[in-house]
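Here is a sequence with its predicted model. Questions after.
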Amino acid sequence: MTRNTIAAGLIGILAGTASAETIGVSMALFDDNFLTVLRNGMIAHAQGLEGVDLQVEDAQNDVGRQLNQIENFIAAGVDAIIVNPVDTSATQAMTDAAAAAGVPLVFVNRMPINLESLPDNQAFVGSNERDSGTLQGTEVCRLLREQGTDPARVILIMGELSNEAAITRSQMIRDTVAREDCAFMEIVEEQTGNWNRQQGADLMTNWLGAGVEFDAVVSNNDEMAIGAIQSLKAAGISMDDVIVAGIDATQDALAAMQAGDLDVTVFQDAAGQGAGAVDTALALARGEEVAREVWIPFELVTPENIDGYLTRN
């Protein structure tokens with residue numbers, strides 16, 4: 001089990017005396033660009049406080065390991081727990097374990113399947129995935145319309161299908177294609193690349209080998225979009241001939257946009273989500289009332305406004 005323990009602080013207000021507060025954090029995966037920014041956002045925010053101890057662990061994309069981490073946090077007597085779920089359809093067991101122990105729990109970034117039934121001392125901090133897919137799809141529709149591409153053939157690369165973000169982002173693309181103003185678009189292929197750059201590259205290589213014709217590649221995240229770009233370029237395809245869209249506005253994605261390879265991404269404020277999760281966990285640990293859903297807005301990023309996002313993720 002990988003552990004990265006950092007101490008930061010917040011002056012305790014309970015009984016008017018200084019008191020350390022411990023938050024256990026279980027991340028779905030350390031080896032992921034976006035989730036690294038999210039994790040570092042929590043750590044950086046906590047370092048600006050006093051008296052808070054974050055115990056951050058890597059679930060290594062293993063649901064069983066993540067549940068064990070939560071149980072270990074409870075046994076260790078933490079004041080609150082933050083979870084970035086491996087599988088958003090498996091969050092009920094985490095909710096039940098924390099609720100039985102009376103430990104506040106905050107889900108971050110990946111929306112739990114049981115959001116509507118979370119107890120009063122549990123919450124979700126993240127961004128509305130309907131907005132991300134809608135912003136992305138609408139901009140791709142606009143670009144294809146400007147090019148006069150009709151019909152426009154679209155490839156959809158999806159994230160892990162057990163993940164709410166992948167399900168919702170993909171559905172918003174389908175909904176965009178179904179709109180009257182974007183009805184000239186058609187999804188010709190859709191497969192999962194599990195959020196992974198190499199899998200995105202492999203999918204694109206397979207589609208090219210099979211002779212699939214397309215005008216745009218819409219990916220549920222930047223990593224898979226970058227993988228697709230790598231395969232397109234390796235095949236000698238000009239990036240001027242295809243529109244590629246991702247989500248997250250990671251540093252690698254912004255570099256790809258500056259190079260003229262990526263046309264669209266959507267800024268997801270990973271650091272903001274991380275800070276919001278820490279603040280929400282601390283508020284719950286002190287018995288304060290918080291909203292069940294804390295939303296951090298998505299923002300469209302294009303070559304025209306990229307300068308405002310170069311240092312934000």
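Now that the structure is in, tell me what you want to look at. Numbers count the residues shown, from 1 in each chain.

Reduced to three states, what does G260 come out as?
Secondary structure assignment for G260 (DSSP: H, G, I helix; E, B strand; the rest coil): coil.

Give me the neighbour count for it.
As a burial measure, G260 scores 11 neighbours (other CB atoms under 10 Å). For the C-beta atoms, the positions are set from N, CA and C on the backbone; glycine is no exception.

Model confidence score at it, please.
Looking at G260, its pLDDT is 98.

try T17
pLDDT, T17: 35.

How about A216?
pLDDT, A216: 98.

how far away is Q251 from A28?
Here the criterion is CB to CB, to the nearest Å. By it, Q251 lies 20 Å from A28.

my bad, G260
Going from G260 to A28 by CB to CB gives 32 Å.

G272 against I296, yeah?
Yes - G272 is in contact with I296 according to CB atoms under 8 Å; the separation is 4.7 Å.

how about the helices in the stretch 201-313 of the chain?
For the stretch 201-313 of the chain, helices defined by DSSP state H, counting those that start in this stretch occupy the ranges 222-234, 251-258, 270-285.

Give the buried residues for the first one.
This points to helix 222-234. Within helix 222-234, the residues that count as buried by 16 or more other CB atoms under 10 Å are D222, E223, M224, A225, I226, G227, A228, I229, Q230, S231, L232.

Pipe those residues into CSV and attach distance to F34 per row.
Converted to CSV, those look like this (distance: CB to CB, whole Å):
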residue, distance to F34
D222, 8
E223, 8
M224, 12
A225, 12
I226, 12
G227, 14
A228, 17
I229, 17
Q230, 18
S231, 21
L232, 22
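
Tell me who's in contact with L282.
L282 is in contact with L10, E21, I23, V52, A80, counting by CB atoms under 8 Å, 6 or more residues apart in numbering.

can I assume the third one sits in a strand?
Meaning I23. Yes - per three-state DSSP, I23 lies within a strand segment.

That one bridge partners, please.
For I23, the beta-bridge partners under DSSP bridges are L54, A80.

number of nearby residues for it?
By the criterion of other CB under 10 Å, I23 has 25 neighbours.

for the last one, same thing?
A80 has 27 neighbouring residues, counting by other CB under 10 Å.

Look up how far Q66 lies from it.
Between A80 and Q66 the computed distance is 16 Å (CB to CB).

quick one: A44 from I74, how far?
Distance of A44 to I74, given as CB to CB: 26 Å.

joint contacts of G272 and I296?
By CB under 8 Å, 6+ apart, no residue touches both G272 and I296.

I would like the residues contacting stretch 287-303, please.
115, 118, 122-128, 131-132, 135-136, 139, 249, 254, 257-258, 263-269, 272-273, 276, 280, 283-284, 309.

Mind checking which of those are in strands?
If you go by DSSP state E, the contacts of stretch 287-303 have Q122, A123, F124, V125, G126, T265, V266, F267 in strands.

Just list what the longest helix along the chain packs against, helices and strands only.
Scanning the chain for the longest helix, with DSSP state H as the assignment, gives helix 129-147. Where contact means 3 or more CB pairs under 8 Å, 6 or more residues apart in numbering; DSSP states H and E, helix 129-147 is packed against helix 164-178, strand 185-192, strand 216-219, strand 243-245, strand 265-267, strand 299-301.

With distance to A59 added, can I get these in CSV?
Listed next are those as CSV, based on distance: least, CB to CB, whole Å:
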stretch, distance to A59
helix 164-178, 17
strand 185-192, 20
strand 216-219, 24
strand 243-245, 29
strand 265-267, 25
strand 299-301, 29
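
how many neighbours does V78 have?
Here the count is done by other CB under 10 Å, and V78 has 25 residues near it.

residue ranges with poor pLDDT in the chain?
Where the chain drops to pLDDT under 70, the residues are 1-19.

about what we covered before: quick check: the farthest pair among the ones in strands among the contacts of stretch 287-303?
Using CB to CB, the two most remote members of the ones in strands among the contacts of stretch 287-303 are Q122 and T265, lying 31.0 Å apart.

Just want to know which of those two has more residues nearby.
Counted by other CB under 10 Å, Q122 and T265 do not tie: T265 has more neighbours, with 32 against 27.
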